[in-house]
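K.L.:
Fold the following for me, if possible:
(chains A, B and C)
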Amino acid sequence: MIEQLIPILATTLAAATPLVFAGLGELVTEKSGVINLGVEGMMLVGAIAGFAAALHWGVAGGIVAGAVAGALAALPFCFLTLSLGTNQPATGLALTIFGIGLSAFIGQFYVSQSLPGLQPYAIPLLSSIPLLGPVFFEQSAVVYLSYLAFGLVAWMLARTRWGLILRAVGESPEAAHAIGYHVIGIRYAATCFGGAMAGIAGAYLSTVYTPLWVQNMTAGRGWIAVALVVFATWKPARLMLGAYLFGGMTILQLHAQGFGVDLPSQLLAAVPYVATILVLVLISRDRKVLLLNLPASLGKPYISGG
Amino acid sequence: MSVPLSPPEIPPRLALWHVTKRYPGVVANDDVSLAVMPGEIHAVLGENGAGKSTLMKIIYGAVQADEGHLVWNGQEVRIANPAAARHLGIGMVFQHFQLFDTLTVVENIALALEGRFDLKTLALQVRAVSEKYGLPLDPQRLVHSLSVGERQRVEIVRCLLQNPQLLILDEPTSVLTPQAVRKLFDTLRQLASEGVSILYISHKLDEIRELCDRATVMRGGKVTGETDPRQESAASLARMMIGRELPVCSAPPYHGERRPVLQVQGLNFRNEDPFCASLFDVNLSVNAGEVVGIAGISGNGQAELLAALSGEQVSRPDAVLIEGAPVGHLHAGQRRNRGLAFVPEERLGRGAVPAMTLAQNYLLTAHRQPSLRRHGLISRTRAREFAARCIERFDVRCNGVLAAARSLSGGNLQKFIVGREVMQEPKVMIVAQPTWGVDVGASAFLRQTLLDIARSGVAVLVISEELEELFEICDRIGVLAGGRLSEPVPREETDAEQIGLLMAGTQQQAA
Amino acid sequence: MQILEPRGNPSQLMRWLAPPLAIMLTLLAAAAIFALLGKSPLQAFYVFFIEPLEYANGWSELLLKASPLILIAQGLALGFRARVYNIGAEGQFLLGAICASGVAIYTDGMTGWWILPAMVLAGAIGGGLWGALPAWLKTHYNAEETLTTLMLGYVASYLLSWLVGGPWRDPAGTNFPQSILFSEPAMFAPVFEGLRLNSSVFITALAVPLFWLFVSKSFMAYQLAVGGEAPAAARYAGFSARRTVWVSLIVSGVTAGIAGAAEAAGPVGQLTLSLSPGYGFAAIIVAWVGRLHPVGIVLSGLLLALIYIGGEAAQVSMQLPSAISWLFQGMLLFFLLGADAFVDFRLKRRPLKLWLKDRAKEQEA
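P.N.:
Here you go, the predicted structure:
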């Protein structure tokens, strides 16, 4: 039984990786007090940019291109919400619509092409740990990159001055400004970081996970990532947990028949979305938990008086 | 203008020359000059809206002057931002504390400091400085669990750790009990004796006369005088500050029936929000014809009590009674139908919708008049008429009924909101911080309005941080501290000292 | 670097100038894109905006597409005023289509005037329920409606794909995922012989004045607006925040559901996978560009419909990818939001010279 589970768990991790990247990015963005609902759009832009670049420079080039494209896609959002103080949910939505359009527009030229993908690489020693080894350490290099991203984000938020500044700006931009921080600049950086991570998530989808370009291939993962940040109550470790749970759900639907679940595949495909709603309900019903963790200025436009 | 700057002497720590700052529609600072010497405690005195805050923001680099020069220890400087001000050695203690509630004391302080990021060493330094200046603090506590006085200490210690040469304090005593004010003054005198210059912003005449060596008086953005406050009387300072005598309110006796209109019985409220206070067994009765005041520092349950009284937070039915009928379970709108009116402390965003016109804002609570709303439809024409009447009757200075609420000054908006509520002909009127940020003239008008409607038979409850205000208009005064309300006592039987002890006593219990 | 400062009073001029300004900027950006693709911008504009309107058929198509957009956007705008962000109108649209189609499929072969009204009613109920669900989740569990409405949109699309692929698949048809073609009593009649424009356009025509009356006169709409502008003021006045959420989401669900029913019983004539060309999302843009105002929404609905038709025409005659209309929609919303900022703010008047001096000083330091 356990032997059967290992490949399922390993594919779960691979399926969860885009959520890890996009979720960690959005988490950092939201910690600075900005809610960017454009994750889906930035992922798509990253996906097409990554795919196009990977045709020439391989997967590594694709991932880098995805990150750059994602960060660039976040820029108009930054300018509007941070420099002009526009409504963040509406602007994020515009970014998503723009991203869908831009990626489909560019993607038109790449529809019938495909990439070789990326072979898993078993890390010596670590991969020979029973059970955990084959699940966690026989993955593609990009999955390892996601571990690293998690470690860096968690360490930065908890241990460094940067993390403290980010939390401060997210809680009270007025106070941060008053004691001399460049609130807008910090928020630009955090939002572009979120864009870069979303771009990597997209590039991973189009170059590693399913190495080809399909219009709208993110299929709502960007939105799930936004929901995961709430579920995680803005804590990186819980975000990882949530992402892997959701990865598991997308994989399970493929194996449902094998487990004797007799439901039409279309309805099983809807399970992750229903689960997202349930998870949101579970975490939001306790206002106290949210209040304790929510970056207090989240979503509120900040225009300094001077 | 006499700025003491003669070459052989030591240069002033900071001198401002002909500083001007304009905002859309107002000149906040008009050709302002002043000088602060090393070790001097220098007051900047002026009423709300005189331009003190803008001037301090210019010195602290949060705002840039349009014209004029800043001279720091004899050198002309441009202070582009707060970080630059800190580099020079300027520290600022804000009136509205600039602290982060979810971070600890030491994290808050670390954010303002440069150099190695080492919270452990810093915590030791915080302890050392706080002990030296009599400002006890626990570096590991979360800021939201601190009392207001403790938060101010965090702000002061944060400045002191940067070894400032000039410390600016903006209305530092508005949140302190009279006893705590004395302690703060001791700290400030100690600092001054070590050579630190202090700019002390205030509108409280007695404090300035007690503490400061020199005072620069401002009115309408201009400097109207510079003097040694110890040589002046309160009346002479007031004349410089507002250009005329301080207005006083008249409280005629009430001859009507003294029946209780608003009663609170055993009101308890456990707050879910970790950043807010709770209420414990609050009892209160306000009679027709009287003004009852509740003193205390915000954050001790004031917001919660107001929500429970207004109906924004419901409770058990007999916890709140209006004319003997239980209303504790009723919502805000239903309580208004029973004759309750409420003026909240936040005028923009709660008492009025900032982007809406005054006519639309008039509807906010007045829509229950049948002439304004019929069959689910509203009459805009009637709303405009009523709003115009309110503007006229309560002397609201604005660009007519179609002006956006946010375009009004604090005092005028408050007059509009109070006027709107008075025009609903309430039986009970609850007012929070009636004159916060309001100039002296409008304050006097508002206080007189409250006295007048009380004497017309309305039960008036005022919640305020300003003790002088409460002593001016209230018949009885109680104190809300740590979520507990003391029995209101007649004004003649108490004084500021006693009220201050009540404010502090419970606070120490809670801490 | 912040470049804006607040205005004392919101600028009425900018409020009405913002949409045309945004449209002009979008056109400029579009011209640049066409030029980059090596197409003549003038020719492209001709194909996009003039050619479709040269024939009666073009006008018919324009109204056919504008009608659902306007109807959905009227409902959405109501919620947006209250800052209740229903971004799942697409799902409510699909649910409306599904419910209406259910009626059509189970009454197939019957005749009677009541079939079509029953379909519209079913569509309204389906869309309304799909909107009520997030309202319930928001009021009882505090779950963000942005995310729940959107997620329900995906659920609706999988529900649709299951129905047309399984229980409701046309048994006589090939294996295509689509239902039977509706019979005549289950279809909106064409308004003009030979054109696709159908009588469902009158539903929209009726809805516009009703929404106008509601928004400008009703106390309910005033409460919604206060709730959106200043939630604390709404609590202070005793307006129920829950009712705001319920009303916003149910009304927008109902309008989207009716639009979905009209689409199935109109130009499509059956339930298919590709029922909606993204009306639910486009309607969001229609609502914003129309200033959330019932009459403005009519104008912006016509504009977005033109972009749709133009996109299709450009695909055929200029080999431009049809995704270009999504791109334009996104840009339009970006520019509009940007222009909107100048209603409440204005550029800082601080002399540039001073700013440059600061920069120079900072660099020295």
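
K.L.:
And the closest residue in space to B:V175 that isn't next to it in sequence, how far from A:A178?
P.N.:
Leaving aside its sequence neighbours, B:V175 sits nearest to B:V148 (CB to CB, 6 or more residues apart in numbering or on different chains; 4.5 Å). C-beta coordinates here come from the backbone N, C-alpha and C atoms, glycine included. Per CB to CB, to the nearest Å, B:V148 is found 18 Å from A:A178.

K.L.:
what's the answer for B:A83, then?
P.N.:
11 Å.

K.L.:
between these two, who's got more neighbours?
P.N.:
A:A178 (22 against 15; other CB atoms under 10 Å in any protein chain shown).

K.L.:
what's the closest non-adjacent residue to the more buried one?
P.N.:
B:Q98 (4.0 Å).

K.L.:
Tell me if that neighbour really is in a helix.
P.N.:
No - counting by DSSP: H, G, I helix; E, B strand; the rest coil, one finds B:Q98 to be coil, located in no helix.

K.L.:
Please look at it and B:V154 and confirm they touch.
P.N.:
No - the criterion here is CB atoms under 8 Å, and B:Q98 misses it with B:V154 at 10.1 Å.

K.L.:
So for the two, which residue has more residues nearby?
P.N.:
Neighbour tally, B:Q98 and B:V154, criterion other CB under 10 Å: the higher count belongs to B:V154, 25 against 21.

K.L.:
Hmm, that one is touching B:S147, no?
P.N.:
No - at 10.9 Å, B:V154 does not count as touching B:S147 under the criterion of CB under 8 Å.

K.L.:
Quick check, pLDDT for C:L336.
P.N.:
Note for C:L336: predicted pLDDT of 92.

K.L.:
How about the contacts made by A:P301?
P.N.:
A:T81, A:G85, A:T86, A:N87, A:Q88 (CB atoms under 8 Å, 6 or more residues apart in numbering or on different chains).

K.L.:
let's see it at 10 Å
P.N.:
A:33-34, A:81-82, A:84-88, A:173, C:341, C:344-345 (CB atoms under 10 Å, 6 or more residues apart in numbering or on different chains).

K.L.:
What about the closest residue to chain C within the stretch 401-511 of chain B, how many residues nearby?
P.N.:
Nearest to chain C, among the residues of the stretch 401-511 of chain B, is B:S407, at 4.7 Å (CB to the nearest CB). By other CB under 10 Å, 20 other residues sit near B:S407.

K.L.:
Check C:G165 too.
P.N.:
17.

K.L.:
can you tell me how far it sits from chain B?
P.N.:
46 Å (CB to the nearest CB, to the nearest Å).

K.L.:
pretty sure that residue is touching A:A269, no?
P.N.:
No - the pair C:G165 / A:A269 is not scored as a contact, 11.4 Å apart, by CB atoms under 10 Å.

K.L.:
In a strand, A:L254, correct?
P.N.:
No - going by three-state DSSP, the assignment for A:L254 is helix, not a strand.

K.L.:
who are the neighbours in contact with it?
P.N.:
Contacts of A:L254 (CB under 10 Å, 6+ apart): A:I8, A:T11, A:A15, A:S265, A:L268, A:A269.

K.L.:
Excluding residues flanking it in the chain, which one is nearest the last one?
P.N.:
Leaving aside its chain neighbours, A:A269 sits nearest to C:Y158 (5.3 Å; criterion: CB to CB, 6+ apart).

K.L.:
Tell me which helix or strand the one you found sits in.
P.N.:
helix C:145-165 (DSSP states H and E).

K.L.:
tell me the mean pLDDT for that helix?
P.N.:
Mean predicted lDDT for helix C:145-165 stands at 94.

K.L.:
Restricting to C-alpha, output the helix or strand just after it in CSV.
P.N.:
For helix C:145-165, the succeeding helix or strand toward the C-terminus, using DSSP H and E, is helix C:201-217. Presented in CSV, the C-alpha positions along helix C:201-217 are these (Å, rounded to 0.1, in the frame of the first residue of the first chain):
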residue,chain,number,x,y,z
VAL,C,201,-33.2,42.7,-25.6
PHE,C,202,-36.5,44.1,-24.2
ILE,C,203,-35.7,42.6,-20.8
THR,C,204,-32.5,44.7,-20.8
ALA,C,205,-34.4,47.7,-22.1
LEU,C,206,-36.8,47.4,-19.2
ALA,C,207,-34.1,46.8,-16.6
VAL,C,208,-32.2,50.0,-17.4
PRO,C,209,-34.9,52.5,-16.3
LEU,C,210,-35.8,50.3,-13.3
PHE,C,211,-32.1,50.3,-12.2
TRP,C,212,-31.9,54.1,-12.8
LEU,C,213,-35.0,54.7,-10.6
PHE,C,214,-33.6,52.4,-7.9
VAL,C,215,-30.1,53.9,-7.9
SER,C,216,-31.2,57.5,-8.0
LYS,C,217,-34.2,57.5,-5.8
